[in-house]
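>>> Build me a structure from this.
(2 chains)
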Amino acid sequence: MEFAELIKTPRVDNVVLHRPFYPAVEGTLCLTGHHLILSSRQDNTEELWLLHSNIDAIDKRFVGSLGTIIIKCKDFRIIQLDIPGMEECLNIASSIEALSTLDSVTLMYPFFYRPMFEVIEDGWHSFLPEQEFELYSSATSEWRLSYVNKEFAVCPSYPPIVIVPKSVDDEALRKVAAFRHGGRFPVLSYYHKKNGMVIMRSGQPLTGTNGRRCKEDEKLINATLRAGKRGYIIDTRSLNVAQQARAKGGGFEQEAHYPQWRRIHKSIERYHVLQESLIKLVEACNEQTHNMDRWLGKLEASNWLTHIKEILTTACLAAQCIDREGASVLIHGTEGTDSTLQVTSLAQIILEPRSRTIRGFEALIEREWLQAGHPFQQRCAQSAYCNSKQKWEAPVFLLFLDCVWQILRQFPCSFEFNEHFLIMLFEHAYASQFGTFLGNNESERCKLKLQQKTMSLWSWVNRPSELSKFTNPLFEANNLVIWPSVAPQSLHLWEGIFLRWSRSSKYLDEAYEEMVNIIEYNKELQAKVNILRRQLAELETDDGLRESP
Amino acid sequence: MEHIRTPKVENVRLVDRVSCKKAALGTLYLTATHVIFVENSPDTRKETWILHSQISTIEKQATTATGCPLLIRCKNFQIVQLVIPQERDCHDVYISLMRLARPVKYEELYCFSFNPKLDKEEREQGWLLIDLSEEYERMGLPDNYWQLSDVNRDYRVCDSYPTDLYVPKSATAHIIVGSSKFRSRRRFPALSYYCKESHASICRSSQPLSGFSARCLEDEQMLQAIRKANPGSDFIYVVDTRPKLNAMANRAAGKGYENEDNYSNIKFQFIGIENIHVMRNSLQKMLEVCELKSPSMSDFLWGLENSGWLRHIKAIMDAGIFIAKAVSEEGASVLVHCSDGWDRTAQVCSVASLLLDPYYRTVKGFMVLIEKDWIAFGHKFNHRYGNLDGDPKEISPVIDQFIECVWQLTELFPCAFEFNERFLIHIQHHVYSCQFGNFLCNSQKERRELKIQERTYSLWSHLWKNRADYLNPLFRADHSQMQGSLHLPTAPCNFTYKFWSGMYNRFEKGLHPRQSVTDYLMAVKEESQQLEEELEALQGRLEKIQEVHFNGTKVKGKHSEPSKPSGFSTSDNSTANTPQDYSGNMKSFPSRSPSQGDEDSALILTQDNLKSSDPDLSVNSDQESGVEDLSCRSPSGGEHAPSEDSGKDRDSDEAVFLTA
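Numbers count the residues shown, from 1 in each chain, chains lettered A, B, ... in the order given. Purely as a prediction, here's the structure:
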C-alpha cells in the first residue's frame, strides 16, 4: 500500500489541538491514508477528522523540542497542532505535505470512500442531458441533440451530447469546432421559454491576425436568430485583451462577417488575478487588528467585490438582452470554460425560476459547470494559502457561488436552497469524499470511471435528511425574472464563507432557528385547522344526510 | 404664507436619480409646511412630499435647454432633483424654500400646525406614555444610596439639566452646587443608569474646570459620594470620551479633565471619540459617496474608508462596551463626560445602557432611553439638527450616530431587540421633521417655557399606536439574547461594523433586498395568530356538534382533543396524517407572497390618514407590484432600468452596455 510509505509516524500522543471557537484540546493524533484524526482521550470522541485533500498549506515552528504545525485548509480554516518531539513533528509535517499533494487522482479519497448511507437515487444518473433536453423540446423544435462528440474527438472538453440548432448537421459542427478555441463550437446553454430567445456559449473564434473566417460558424449562430432579429455576442474580455488574443491565433467575431450580431466587451478577470484576489481577501479577513479603516482599504485592495460586481453585471446584461431586448446571446471569452460559464449560469439564475430550486440548481451545476468542462481539478487544486502560484488555479467557481449568494441575499424568499447549500458546494469542490468534482471534463471523468468507482455528491445531498439542512424556510416559488442590484451598496462580503472562522455565528444561527420555528409553527397550525375543518365538514354533511330524508 | 412667492408651478419634472431617462412630469406645490410634487400621469398621480424642516440644502444648478434644475438634499437622506421650465419660477421656488427651510421662530415649525385629529385628552395621554419617574422607579430608585434631588428646581443650578435628578444620598446640596461651579455649564455629576442588583451606576457630567492645577473640594466629594453609593467597589472609573489631545487642549482654556492625584480612588480613562465638527465632515464625506452615480466598487469602498464614518461608529461602540463591561463585569460605577456632556456623553451612556439592560431593547424601553439620556439631559436638538436657522457649525449627526450604533447591534444580535430597522429610521426622520414636539428646543427648560406639551403632540404615542409595524419578528422576550447584557466578542474585530444602506441610501429602493424577511415573518406571525383564533373557534364548534351527536345518536367516536392553540407542541397526532393540501382554503388570510410583501407593509401606514405624518412612506408607496418591476438598479450600473423600457431607443442602450 503506497500510503504506508508516506506515513512515517502514524500516531502521536499528547498532541494539543487549537482551532477556531473551541477550547484547546489534548489528544492522540493519527494519520491515515486520507485523514488526519485527533481524538481526545477524555471522552474518547473524535475531535477532528480532516481530509488531507482539504489541506492547502502547512507551516511548522519549533520551540525547544515542542513542535507546532499550522494547517491552513482550503475552506480557509486554520488549525494548530502542538506536537511534543521534534522528530514526530517533522515526520507528521512531511507526511501531511505528501498526502495532501498526491499526484494521482485515483489515489484520492473518493476512490476509497465507502458510503455509510443508503443510496436512494444514484446521483450519477440524476441529470442526464437527454432529460434536460426534454424540458426544452416541448417548447421548441428548432434544436436537436448532437452526438458528434461521442468519442470526445471533436472537442475534448465537451460532453458526448450537446444541444445545437436543428438545421446544422454534424459535419458542419466539425468544421466550426476547428474554428473555435479548444474545439468549443457554439452550443445551447439556455432556452428562454417566454420568448424563445437563447443563450449559447463557445470558445473564442480562431480568426488570428489575418481575419480568418468560417462560413459554417456564421451559419450556425445565424441559425439561432429569428428572421429580421439581431443578437448579441458578449465577449467576457475587454476589447484590448480580445485584440491581443489575435496574435496568438484567437480573436473575436468581426462585424463584417457577423452583421446580424452586435458585440459587447466586458472585462472579467481570470486565473492568477482572481487567485491573488482571493489570497489578499482571506489574508485581510484573518487579520485580527482593531483598525476599522485599514479593513475597508484591504477589502478594496483585494478587488474581490469588484470581480463580483463585474461578473454579476455581465450576467444581468445577458439576461437583459434575452428578457428585455428579446435578443439571443452568444457568450465566450477565450477558452469558454471560466468567465463564460459564470455568466451563462448566473443569467439562468436570474431568468429561470427552476434554477433557483435545489434540483434545478444541481442540474445547472451539472450542465453549465461539470458537463460544460470547467476544469475543476486544475482550478480547485489549491486555495487561498498556497504559495505555488500555479497558473491554473483560480476561484472561478467560488466567485460564481458568491454571486449566487449575493442574489439570494437580495431575494431571500426566491430560492429553495439556503446559504449552507452554497457553502457545502464550495467545500466539496475543493475537497470531498465524492467523485463529482474530480477531473477537468467529462472525457477525463469517463477515463477515471468515476461513475463506477466513486459516489456522486448528489446521491448524498438529495436524501431527505440532508436536504432538510439545505432548504430555505422562506422559499415561496417566484416565477418572475429577478433583477439583482449591482450597486456597490448592494454587494456584501460573504461572511458565511470568509468570516466563517474569524467570528462566531452563534447569534445569527439562533436567529435562523427562530425563523424556522416561526414558519414551522405556522405550518403546524394550518395543518390542525385543516383537519378540524374537514371533520366539521364531514359532520355537517352527515347531519345534512340524516336530516334530509 | 408670506414666504411663498409662488404656490404652484406646472410642468415641473422630477428626475429619477437612478435612471436619468425617467423624469416624471407633474406639478409642484409649495405649502406652509411641505413641498409637494404631484405627477401628471393619471394612473399613478404619485405624490412626493417633502417637509420644509427636512430640507438640508437647496442647490440651483446651471440652466439647461430643458429648464432650470433644482437639487434638494434632505436631512433624512432623500435627494430630489427637479427641473423647472422657467428660470423665474425656479428662482421663486428657490428663494421661497431658502426661507421656508430656515424658520426663525419655533412657532413656524410644523408641530404647531400639525393636527392628527386627536382630542385634547388623547394628546395629554400621549405625553404621559413615557414617564421618567416611572423609569427611575423601575431602576429601583430611590433606595439607600440614591435620592431624588430638588437642587435643580426651577433650573436654578443648571439650566440645561432636567429638574428631577438622582444623586448619591451623601451628596448634600452644598456639595452639588459646589461641584456644579467646577463643571462646564454647571453640568454636575448626576445619575444616568443604575443597576440595582450590583449598585453599580453610570453617572454623567461635563468636564471639570481644572485647567492646569485648579481643584474643587466639593467636586472631589461628589465623586467620592458616587463611589460610596456603590459599596461593592472601592473605585470608580472616570471616562473622558474625548481624544486625549482635545482634552489637554481644553486645559489651556481653564477646563480639562480630572487629575487622578486629586480624586481618591478613581481610575481615569480616555476614549477617543472625535468632536461634532469632525463627525459633521465625516458624514458629509460619506454622503458624497452615497450620492455618486454608478460608483465602482473601489470608489465606494475607498470613499467609505476615507470618510472615517465607520471608525467613528466603532469609537462610540468601544466606549459603550467599555462602560458596560465595567458595570456588569467589575461591578464598578462609571462617571462619563466629554466637554459639555451633552453629545458624546449622551451617545456613550445610552449605548452602554442598551448593552446592559434588556429593557432598553424593547419598543417602550428604547423610547424611555432617548427620553432620559437625550431629551431630559439637554441634548441640544435644535442646534444639532438645525430645526431653527442657526449656526451651521453647531449642526452634527450626534443622535444619527447613536441610532446607527443601535442598528449595528441589531445586526449582531438579531433576536435581542423588540423593534426593527423601520423603527430606528422613523425616529431619525422625526428628529428632523419637527412634526412632534418631543425633540424641540435645546433643553427641558426651553420646552417648558414654550408649553410644548400643551401645543404639540408626542411622537412616542404615535409610534406606540403603530407599534405593530415596528416589531422584530425574531424577538422573543424569553430568548437567551434577551437575558442580561449583550456580550460583544472580546476582541471586536475590524469587520464588525457595516455600511447602513437602509439609512443612508434609504430612498434608493433599488439598492435594497427586494424581499423583506422582516415583513415576511411578520405576516407569517400574524397569520399564525389568526390561525390560533380560528383553531379555537373550530374546536368550540366541533365540540358542540359532537355533543349533539353524542346525546343524539352516540355514533361519532372520533373526538378532537382540546389541544392548546398556543405553544409549539407537535405531539398532536392529527398533524401526522394531514394530507398536503393547506393551500386550497386559506384564501381568507392576508396574502404574504414575498413579491407583494414589500408594498403591503408600506401601505399600512399610508392609508390611515397619516400621509402627512409619515411622508417618507407615502413617497415609496408607488411601487408597482411584482418583484420584477420593483427590480432594479440596472445591471449596467444604474444608468438604465430594464423595467418599463419598451419604448426606448436602441442606440442609447448600447451606449449603456458599452460604458462600464
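
>>> my read: A:G33 touches A:Y113, true?
No: checked against CB atoms under 8 Å, the pair A:G33 and A:Y113 is beyond contact range at 11.3 Å. (Glycine included, C-beta is placed from N, CA and C.)

>>> Close to chain A: what parts of the stretch 301-450 of chain B are there?
Residues of the stretch 301-450 of chain B lying close to chain A (CB under 8 Å from any CB of the partner chain) are B:301-302, B:304-305, B:308, B:310-311, B:314, B:412-416.

>>> And B:C158, how far from chain A?
According to CB to the nearest CB, to the nearest Å, B:C158 stands 36 Å off from chain A.

>>> burial measure for the residue of the stretch 301-450 of chain A found nearest chain B, as a count.
Per CB to the nearest CB, A:C316 is where the stretch 301-450 of chain A lies closest to chain B, at 2.6 Å. Neighbours of A:C316 under the rule other CB atoms under 10 Å in any protein chain shown: 26.

>>> helices or strands next to whichever strand or helix holds it in the packing?
Assigned by DSSP states H and E, A:C316 belongs to helix A:304-323. Other elements packing on helix A:304-323 under the criterion 3 or more CB pairs under 8 Å, 6 or more residues apart in numbering or on different chains; DSSP states H and E are strand A:187-192, strand A:197-201, strand A:231-235, helix A:271-286, strand A:329-332, helix A:339-351, helix A:396-410, helix B:297-307.

>>> How about the closest residue to chain B within the stretch 51-200 of chain A, nearest residue that isn't a chain neighbour?
Across the stretch 51-200 of chain A, the shortest distance to chain B (CB to the nearest CB) belongs to A:K194, at 11.5 Å. Nearest residue to A:K194 in three dimensions, chain neighbours excluded: A:D323, at 7.1 Å (CB to CB, 6 or more residues apart in numbering or on different chains).

>>> Ok, A:S53 next?
Leaving aside its chain neighbours, A:S53 sits nearest to A:A431 (4.3 Å; criterion: CB to CB, 6+ apart).

>>> Model confidence for the one you found, exactly?
Here the pLDDT value assigned to A:A431 is 96.

>>> List the contacts of it.
Counting by CB atoms under 8 Å, 6 or more residues apart in numbering or on different chains, A:A431 touches A:51, A:53-54, A:73-75.

>>> same check, this time on A:G297
Contact partners of A:G297, counting by CB under 8 Å, 6+ apart, are B:301-302, B:305.

>>> can you tell me the helix or strand for it?
A:G297 belongs to helix A:292-302 when assigned by DSSP H and E.

>>> and that helix, average pLDDT?
Confidence for helix A:292-302, expressed as mean pLDDT, is 85.

>>> from the chain's centre, how far out does it sit?
26 Å (CA atoms, centre = their mean, to the nearest Å).

>>> Same question for stretch A:302-311.
On CA atoms, centre = their mean, the centre of stretch A:302-311 falls 17 Å from the chain's centre.

>>> Show me how far stretch A:87-101 is from its chain's centre.
Centroid displacement of stretch A:87-101 relative to its chain, using CA atoms, centre = their mean, is 30 Å.

>>> What is the burial count for residue 421?
If you meant another chain, say so; for now it's chain A. A:F421: 24 surrounding residues under other CB under 10 Å.

>>> nope, chain B
A count of neighbours around B:E421, defined by other CB under 10 Å, yields 20.

>>> Could you report the separation of it from B:L474?
With distances taken as CB to CB, to the nearest Å, B:E421 is found 12 Å from B:L474.

>>> contacting residues for A:K219?
A:168, A:172 are the contacts of A:K219 under CB under 8 Å, 6+ apart.

>>> which element is it on?
Assessed by DSSP H and E, A:K219 sits inside helix A:215-222.

>>> Any buried residues in that helix, and which?
A:216-218, A:220-222 (16 or more other CB atoms under 10 Å in any protein chain shown).

>>> With distance to chain B and pLDDT added, can I get those in JSON lines?
Shown next, in JSON lines, are the buried residues of helix A:215-222 (distance: CB to the nearest CB, whole Å; pLDDT from 0 to 100):
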{"residue": "A:E216", "distance to chain B": "28", "pLDDT": "96"}
{"residue": "A:D217", "distance to chain B": "23", "pLDDT": "97"}
{"residue": "A:E218", "distance to chain B": "22", "pLDDT": "96"}
{"residue": "A:L220", "distance to chain B": "24", "pLDDT": "96"}
{"residue": "A:I221", "distance to chain B": "19", "pLDDT": "95"}
{"residue": "A:N222", "distance to chain B": "20", "pLDDT": "95"}
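
>>> Show me what the longest helix along chain B is packed against.
Counting by DSSP state H, the longest helix found in chain B is helix B:517-552. Using 3+ CB pairs under 8 Å, 6+ apart, the elements in contact with helix B:517-552 are helix A:506-547, helix B:594-607.

>>> How confident was the prediction at residue 202?
No chain in the question, so chain A it is. You'll see A:S202 listed with a pLDDT of 98.

>>> The intended chain is chain B.
98.

>>> Kindly tell me how buried the closest residue to it other than its chain neighbours is, as a neighbour count.
Distances taken as CB to CB, 6+ apart put B:Y193 closest to B:I202, at 4.2 Å, once the chain neighbours are dropped. By the criterion of other CB under 10 Å, B:Y193 has 27 neighbours.

>>> repeat for B:R506
Using other CB under 10 Å: B:R506 sits among 21 other residues.

>>> quick one: low-confidence ranges for the stretch 351-500 of chain B?
B:479-482, B:488-494 (pLDDT under 70).

>>> Next, count neighbours for whatever residue of the stretch 101-250 of chain B ends up closest to chain A.
Closest to chain A within the stretch 101-250 of chain B is B:P243: 15.5 Å, counting by CB to the nearest CB. Using other CB under 10 Å, B:P243 has 17 other residues around it.

>>> That one reaches B:E274, doesn't it?
Yes: because the distance of 6.7 Å satisfies CB under 8 Å, B:P243 is recorded as touching B:E274.

>>> Give me the phi and psi angles of A:I70.
Dihedral angles of A:I70 (phi, psi; degrees, to the nearest 10) stand at phi -100, psi 120.

>>> If you could redo that for B:S96, that was the one I meant.
Main-chain torsions, B:S96, degrees, to the nearest 10: phi -60, psi -50.

>>> Can you give me the neighbour number for it?
19.

>>> check contacts around the residue lying closest to it once chain neighbours are set aside.
Nearest residue to B:S96, sequence neighbours excluded (CB to CB, 6+ apart): B:R5, at 4.7 Å. Contact analysis of B:R5 by CB under 8 Å, 6+ apart lists B:92-93, B:95-96.

>>> Could you rerun that using 6 Å?
Neighbouring residues of B:R5 by CB atoms under 6 Å, 6 or more residues apart in numbering or on different chains: B:92, B:95-96.

>>> A:F415 too?
Contacts of A:F415 (CB under 6 Å, 6+ apart): A:356, A:408, A:472.

>>> On the three-state scheme, residue 486 is what?
Just going to use chain A. Three-state call for A:V486 (DSSP: H, G, I helix; E, B strand; the rest coil): coil.

>>> right idea, wrong chain: chain B
Three-state call for B:L486 (three-state DSSP): coil.

>>> sec struct for the closest residue to it other than its chain neighbours, please.
Residue nearest to B:L486 in three dimensions, not counting chain neighbours: B:L355, with 5.0 Å by CB to CB, 6+ apart. Classification of B:L355 by three-state DSSP places it in helix.
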